[in-house]
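Here's my sequence, what's the structure:
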Amino acid sequence: MVDREELQRLARMVDLNRQKMERIEQQLTKLEAIHQEQSHVVRAVRAIPKEGAENILVPLGSGVQLVVDVQSDAGAVVDIGTAIQAEMTRHEAADLIEKRQNEISELIESLKQEFDSSEETVRSLAATFNEGVAVLENETPPSEERSTSVEEPEPTIEDKPRNRRRRGIGGELTLDD
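A predicted model of the protein is given here:
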């Protein structure tokens with residue numbers, strides 16, 4: 001037998017898991033943006049020839065870029081954590097950023113698995129909730145069905161469609177984006 005308190009508990013659990021999914025989605029969006037930015041940095045650093053280059057545009061932000069000449073022995077300054085910066089060769093800097101990209105990729109995969117697990121939990125809880133509502137409605141005597149009591153059965157919870165952006169092969173944007 002299913003009671004209203006159990007249904008309310010299930011509805012709260014569904015809501016909590018959906019909120020968790022939304023937080024994971026926000027984290028995924030931020031991490032994917034960081035990953036993409038790092039990809040641009042690695043490509044840009046690796047594109048500078050070993051012998052250096054002249055008239056390279058270095059973005060400062062807000063649409064402002066500096067025109068600079070890069071000497072053959074010019075390195076890069078990289079934040080290595082907690083606002084500590086270290087100077088290293090361009091090659092070392094690109095390698096470090098690629099290592100960070102791999103770590104972010106692993107984190108993204110972990111969050112996607114957590115999202116999928118939460119999504120499955122929501123579907124399971126929603127199905128249990130809907131079954132409980134159906135049982136409760138069938139157990140309610142006809143004279144009590146339309147009473148004006150405050151304790152009307154909860155409406156059924158429909159499975160919320162996935163809101164995650166789907167990516168094509170290699171992370172390219174698809175028509176769904």
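
Give the buried residues for stretch 20-36.
20-21, 24-25, 28, 32, 35 (16 or more other Cβ atoms under 10 Å). C-beta here means a position set from N, CA and C on the backbone, and glycine is covered the same way.

Using TSV, please lay out those together with distance to V122.
Below are the buried residues of stretch 20-36 laid out as TSV (distance: Cβ to Cβ, whole Å):
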residue	distance to V122
K20	9
M21	7
I24	12
E25	13
L28	17
E32	22
H35	27
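
Give me the longest helix you can find in this structure.
In the chain, taking DSSP state H as the definition, the longest helix is helix 90-139.

before we move on, the earlier item: mind checking which of the buried residues of stretch 20-36 are in helices?
20-21, 24-25, 28, 32, 35.

quick check, distance from stretch 15-27 to the centre of its chain.
9 Å (Cα atoms, centre = their mean, to the nearest Å).

avg pLDDT for that stretch?
On average, the pLDDT along stretch 15-27 is 96.

Equivalent analysis for stretch 127-134, please.
In the prediction, stretch 127-134 has an average pLDDT of 89.

do stretch 52-60 as well
pLDDT averaged over stretch 52-60 gives 89.

Can you name the residues in contact with that stretch?
48, 65-72, 74 (Cβ atoms under 8 Å, 6 or more residues apart in numbering).

most surrounded residue in those residues?
Of all these, V70 has the most neighbours under the rule other Cβ atoms under 10 Å, reaching 18 neighbours.

Now do the contacts for E51.
E51 touches S72, counting by Cβ under 8 Å, 6+ apart.

List phi and psi for it.
phi -80, psi 0 (degrees, to the nearest 10).

quick revisit: can you list the contacts of stretch 52-60 in CSV and add distance to A11 and secondary structure?
Below are these laid out as CSV (distance: Cβ to Cβ, whole Å; DSSP: H, G, I helix; E, B strand; the rest coil):
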residue, distance to A11, secondary structure
I48, 57, coil
Q65, 53, strand
L66, 56, strand
V67, 60, strand
V68, 59, strand
D69, 64, strand
V70, 60, strand
Q71, 65, coil
S72, 66, coil
A74, 61, coil
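
any weak-confidence spans in the protein?
1-2, 140-177 (pLDDT under 70).
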